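K.L.:
This is a predicted model, with the sequence first.
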Amino acid sequence: DGGITQSPKYLFRKEGQNVTLSCEQNLNHDAMYWYRQDPGQGLRLIYYSQIVNDFQKGDIAEGYSVSREKKESFPLTVTSAQKNPTAFYLCASSISLTGRRITEQYFGPGTRLTVT
Amino acid sequence: GDSVTQMEGPVTLSEEAFLTINCTYTATGYPSLFWYVQYPGEGLQLLLKATKADDKGSNKGFEATYRKETTSFHLEKGSVQVSDSAVYFCALSVSGGYNKLIFGAGTRLAVHP
């Protein structure tokens, strides 16, 4: 079955450490996204990528970094510069945007990161 | 800027009750509208969508109609089940950019037997 996988489901880190969250998709989607979800709030966009080797900052990119070396993979690194890293992180993907209207995004199961 | 406003939760209902979750939006362009559902500890699943005015999206007994005149996209279900307990997010996306989704804060629904 096609879908998006995120690993691990739960992640614990000490303050000051960088941590990388995995996101893999086998939907053959060109576009991928990272969101952050905090309790009682909607999702906020961290980074997005429309094509391999290209990515753009979203609304809350400070303290995060990404790479897009393969179409299937879009890992997110939460750096020590991120002041409040504890959150639920969601990865999503959608079909190519080139010449198309808006299309829905498909989400992975999420990674809950706790930093103490 | 573009935004989505949802009714605050939690919404608590008995099984088989009628559900309405209100959603209104502000958008400078001509948005597509979505409802996503999130079950505890999981990611978001697309529930339904509408891409133009007067379109009705429907899935699993849920419906929502794109009302341009009232800038609304209210979610309804005629008879809820305990298994519908989840958080529901209304979202919009405006063309001309990178398919950015703008989410409401979410509405938690709790259905009891």
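P.N.:
Perfect, thanks for sending it. Numbering: from 1, shown residues only, chains lettered A, B, ... in the order given.
K.L.:
So for stretch B:88-104, mean pLDDT?
P.N.:
Mean pLDDT, computed over stretch B:88-104, is 82.
K.L.:
Now it - C-alpha only, PDB.
P.N.:
Only the C-alpha atoms of stretch B:88-104 are listed here, as PDB (Å, rounded to 0.1, in the frame of the first residue of the first chain):
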ATOM      1  CA  TYR B  88     -11.700  17.900  13.100                       C
ATOM      2  CA  PHE B  89      -9.700  20.500  11.200                       C
ATOM      3  CA  CYS B  90     -11.000  22.900   8.600                       C
ATOM      4  CA  ALA B  91      -8.400  24.100   6.100                       C
ATOM      5  CA  LEU B  92      -8.100  26.200   3.000                       C
ATOM      6  CA  SER B  93      -5.600  26.400   0.200                       C
ATOM      7  CA  VAL B  94      -5.200  29.200  -2.300                       C
ATOM      8  CA  SER B  95      -3.800  28.800  -5.700                       C
ATOM      9  CA  GLY B  96      -0.900  30.800  -7.000                       C
ATOM     10  CA  GLY B  97       1.500  29.700  -4.400                       C
ATOM     11  CA  TYR B  98       2.900  26.400  -3.200                       C
ATOM     12  CA  ASN B  99      -0.300  24.600  -2.200                       C
ATOM     13  CA  LYS B 100      -0.100  26.000   1.300                       C
ATOM     14  CA  LEU B 101      -2.700  24.700   3.600                       C
ATOM     15  CA  ILE B 102      -4.000  27.100   6.300                       C
ATOM     16  CA  PHE B 103      -5.600  25.300   9.200                       C
ATOM     17  CA  GLY B 104      -8.200  26.200  11.800                       C
END
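K.L.:
Contacts (any at all) between chain B and stretch A:72-91?
P.N.:
Yes - under the criterion of Cβ under 8 Å from any Cβ of the partner chain, stretch A:72-91 makes contact with chain B via A:Leu90. No exception for glycine: its C-beta is placed from N, CA and C like everyone else's.
K.L.:
Could you find the residue in chain B that comes nearest to chain A?
P.N.:
Closest contact between chain B and chain A, by Cβ to the nearest Cβ, is at B:Phe103 (3.4 Å).
K.L.:
I'd say that residue and B:Ser93 touch.
P.N.:
No - at 10.2 Å, B:Phe103 and B:Ser93 do not qualify as touching, with contact defined as Cβ atoms under 8 Å.
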